[in-house]
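Kindly generate the corresponding structure for this input.
(one chain, ligands or ions: 2)
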Amino acid sequence: MLLHVNQLSIHFHARQGIVKAVEDVSFDLAEGETLGIVGESGCGKTVTALSLLRLISNPPGIIAGGEIFFQGRNLLKLSEKEMCDIRGNHMAMIFQEPMTALHPVLTVGRQVREPLIVHKKAVRKTAVQDCIRLLKRVRIPDADTRLHDYPHQFSGGMRQRVMVAMGLACNPKLIIADEPTTGLDVTLQAELLEFMKGLTQTEKTALVLITHDLGIVACYADQVMIMYAGRIVEKAPTLELYRAPQHPYTQGLLASIPRLDQDIQQKLRPIEGQPPDMANLPSGCAFHPRCPHAKPRCMRELPKLMQISTGHDVACWMHSR
Ligand SMILES: Nc1ncnc2c1ncn2[C@@H]1O[C@H](COP(=O)(O)OP(=O)(O)OP(=O)(O)O)[C@@H](O)[C@H]1O
Ligand SMILES: [Mg+2]
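Ligands and ions are numbered 1, 2, ... in the order given. Coordinates of the predicted model:
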């Protein structure tokens, strides 16, 4: 097992109170495997991803509990120096917002080169060549000249691809891609995802793929984790999740997207209501105010994640005793 996350909880001390952004999250990831993390905005996807690299700033954030084992080492116990070696060298993150993740006054070339110089101790000349190779790999046209440009001179899609190039620079064992294809047109989106999928097959790189797009997850993930209000509500192998979704939230997500095998007269069914205020969560199951199957018990008690078949876990009173 490459990555083993056990009962991870991350809280933020915000003005509106304690935000339990991630609560009791556990998952495993093997080499070459892809885990899709899906959920509405604010449900804790990015915070989960950042915690794997120990990038939650304290204050306001605190890892309130849990363990993260990567290649058998508990990351929460490592020194900052050891953690620096892991970041970039073994684990890389493709950030959600390339304009804020890229430094505005450093050229693209300098930023893509940096991990090679810091982690691989490459000399400048070979680092430049490797940088051009990486930019070409993510289809930046005229890479040899464009590496002298600044991020604002690139389009949104190109900036996103620069983030991917930086992530790949040191051949990490794990890539965490936070909405890596948002803002890309569909052909580039498919090309980039195919490219990352290729890495999982040839280099045995593991991939955590965070997205709102259930279509992308269906194509590229081996297992899927559905999050709601900081907790995992359902986790299953991808085919199983799409074939037989069990949690009413997962069922709602799948019913709200169009399907080719569906009658075109049939209307899409959005999930009623709004995602909850994370500083003031509903009692019991946080999904109960929006759930069509809610019972009095759902308002009082929080359902635990229970295994209903091999690798398929659900947190819902419909499946718990
Ligand atoms: N630095 C912070 N201070 C206070 N609260 C924070 C901080 N960072 C994140 N949060 C809170 O943690 C929760 C989870 O945020 P997160 O960024 O993980 O959401 P997300 O699932 O990635 O959403 P999106 O799909 O919009 O990217 C949110 O309620 C957010 O307000
Ligand atoms: Mg996010």
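
where's the closest residue to Gly32 other than its chain neighbours, which helix or strand?
Nearest non-adjacent residue to Gly32, counting by Cβ to Cβ, 6 or more residues apart in numbering: Lys204, 4.1 Å away. Just so you know, the C-beta spots here come from the backbone N, C-alpha and C atoms, and that holds for glycine as well. Following DSSP states H and E, there is no helix or strand that holds Lys204.

okay, now the residue of the stretch 201-321 of the chain found nearest ligand 2: neighbour count?
The minimum distance from the stretch 201-321 of the chain to ligand 2, using Cβ to the ion, falls at Ile210 (6.6 Å). Ile210 is flanked by 23 other residues according to other Cβ atoms under 10 Å.

Let me see the confidence value for it.
On pLDDT, Ile210 comes in at 96.

for ligand 1, what are the nearby residues on the stretch 1-150 of the chain?
Within the stretch 1-150 of the chain, the positions adjacent to ligand 1 are 12, 14, 19, 21, 39, 41-47, 60-61, 96 by Cβ under 6 Å from any ligand atom.

how about the residues of the stretch 1-150 of the chain near ligand 2?
Proximity of the stretch 1-150 of the chain to ligand 2, by Cβ under 5 Å from the ion, involves residues Thr46, Gln96.

the strands in the stretch 1-150 of the chain, which residues?
Taking DSSP state E, counting those that start in this stretch, the strands of the stretch 1-150 of the chain run over residues 3-14, 17-29, 34-38, 61-70, 73-74, 91-94.

Could you pull out the buried residues of the first one?
Residues of strand 3-14 classed as buried by neighbour count (16 or more other Cβ atoms under 10 Å): Leu3, His4, Val5, Leu8, Ser9, Ile10, His11, Phe12.

The stretch 51-200 of the chain: helices as residue ranges?
In the stretch 51-200 of the chain, the helices defined using DSSP state H, counting those that start in this stretch lie at 80-89, 98-101, 108-119, 124-137, 143-146, 156-168, 186-202.

who touches the residue of the stretch 201-321 of the chain closest to ligand 2 in this structure?
Residues near Ile210 by Cβ atoms under 8 Å, 6 or more residues apart in numbering: Gly36, Ile37, Val38, Lys45, Thr46, Ala49, Gln96, Ile176, Ala177, Asp178, Glu179.

can you rerun that using 7 Å?
Residues in contact with Ile210, defined by Cβ atoms under 7 Å, 6 or more residues apart in numbering, are Ile37, Lys45, Ala49, Ala177, Asp178, Glu179.

which of those residues sit farthest apart?
Across those, the longest distance by Cβ to Cβ is 11.2 Å; it joins Lys45 and Ala177.

hang on, the earlier thing: can I get the buried part of the residues of the stretch 1-150 of the chain next to ligand 1 as one PyMOL selection?
The buried residues among these can be selected in PyMOL (16+ other Cβ under 10 Å) with this line:
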select buried, resi 12+19+21+39+42+43+44+45+46+47+61+96
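
Show me the two of the residues of the stretch 1-150 of the chain next to ligand 1 that sit farthest apart.
Spanning the widest gap among these are Gly39 and Pro60, at 21.5 Å by Cβ to Cβ.

partner residues bridging the residue nearest to the spatial centre of the chain?
In the chain, the C-alpha nearest the mean C-alpha coordinate belongs to Ile210, at 3.0 Å (Cα atoms, centre = their mean). Judged by DSSP bridges, the bridge partners of Ile210 are Ile37, Asp178.

buried residues in the helix or strand hosting Val217?
Assignment of secondary structure by DSSP H and E places Val217 within helix 214-220. Residues of helix 214-220 classed as buried: Leu214, Ile216, Val217, Ala218, Tyr220 (neighbour count, 16+ other Cβ under 10 Å).

Name the strands paired with the helix or strand following it and say parallel or antiparallel.
Downstream of helix 214-220, the first helix or strand assigned by DSSP H and E is strand 223-228. Sheet pairing of strand 223-228 (DSSP bridges) gives strand 34-38 (parallel), strand 231-237 (antiparallel).

Using CSV, list the CA coordinates for the shortest one.
Once non-C-alpha atoms are left out, strand 34-38 reads as follows in CSV (Å, rounded to 0.1, in the frame of the first residue of the first chain):
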residue,chain,number,x,y,z
THR,A,34,-6.5,6.1,-9.1
LEU,A,35,-8.8,7.4,-6.4
GLY,A,36,-11.5,9.9,-7.4
ILE,A,37,-12.7,12.3,-4.7
VAL,A,38,-16.1,13.8,-5.5
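
Chain neighbours aside, what residue packs nearest to Pro172?
Once flanking residues are discounted, Pro172 sits nearest to Ala92: 4.1 Å by Cβ to Cβ, 6+ apart.

hmm, back to that, wait, which of the strands paired with strand 223-228 is closest to His312?
strand 231-237 (4.2 Å).

Not counting its own residues, what contacts the closest one?
Applying Cβ under 7 Å, 6+ apart, the external contacts of strand 231-237 come out as 23-25, 27, 222-227, 241, 246-247, 249-250, 287, 305, 311-315.
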